[in-house]
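Novice: I need the structure of the sequence given here:
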Amino acid sequence: MNKVVLSTVSILSSSATSFATRYAMVTGADSETNQSIAVTQTASYTITFQVNANVGEAWSVLLDLSRVGALTLVTDSNGRASATLGAMSGSVSGGSLSGSLGLGAVGPLPGPGDADQLFSQTSTAAIDGVGTGAPQTVTLNLTWTASATSTTGKGANGAGDEAAIRMGIDSALTGYTADNYPGVGSRTLTNDGQFVSATLVPEPGTMLMMFAGLVGLALFGRRTVE
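Specialist: Next comes the predicted model:
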């Protein structure tokens, strides 16, 4: 019985006026016995940065968000499998949010049979504020769920099929191929994941700057491979 719940975060770039981050994950299930299994992973991570602006000066941080990957099913029994990626939601503190941090759900992708549902979602937003003459802390939180199920069939080979939500991690489990890279759809590890790019946009003639770029990045979740 294989259960896969892996995630990692990384800072792709950081400067005085911009930064980019990546959240990679995989959620998978593969019943190899006559017992069905269901796996759910909750992704929740926080990006914290500071903006330093003169008193009374308006500032804006433009955000580009994307979520790229695939729901993948692989037939290796007479059972079934399914995969679902939940909608992404977000919240901001330390500034006023305009635009959307949300992305829609993907799936469910049901079996039986091999299947690969690609997704490439994007959204844009802005965080606005007014300078105080001291560094202002801004916190961005993003969250969603991913679920994979492997449902048993009948007969001697009553095991379930493989299911995975692939977003940039290969578990490398023996006998489990749904999360492989390139795998179905010839995907690329580095191109899959959830990405956030932020750019500071000052008003003309002001002295705004992103204070120390990305100063905090926290991941809350589970790491399990069985």
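
Novice: low-scoring stretches of the protein, by residue?
Specialist: 1, 154-158, 202-226 (pLDDT under 70).

Novice: How about Ala134: what's its closest non-neighbour residue?
Specialist: Nearest non-adjacent residue to Ala134, counting by CB to CB, 6 or more residues apart in numbering: Asn52, 7.4 Å away. C-beta coordinates here come from the backbone N, C-alpha and C atoms, glycine included.

Novice: Contact partners for the residue most central in space within the chain?
Specialist: Residue closest to the mean C-alpha point of the chain, counted by CA atoms, centre = their mean, is Gln194 at 3.8 Å. Residues near Gln194 by CB atoms under 8 Å, 6 or more residues apart in numbering: Arg22, Tyr23, Ala24, Met25, Ala43, Leu65, Ser66, Arg67, Val68, Met88, Leu142, Met167.

Novice: which residues sit in contact with Ser197?
Specialist: Contacts of Ser197 by CB under 8 Å, 6+ apart are Ser18, Phe19, Ala20, Leu63, Asp64, Leu65.

Novice: And the helices in the chain?
Specialist: Counting by DSSP state H, the chain forms no helices at all.

Novice: For the residue nearest to the centre of the chain, list each beta-bridge partner.
Specialist: Tyr23, Arg67 (DSSP bridges).

Novice: Tell me the spacing between it and Val5.
Specialist: 16 Å (CB to CB, to the nearest Å).

Novice: can you check Met25 too?
Specialist: Distance from Met25 to Val5, by CB to CB: 8 Å.

Novice: and what of Gln41?
Specialist: 5 Å.

Novice: swap in Leu85?
Specialist: On the measure of CB to CB, Leu85 and Val5 end up 14 Å apart.
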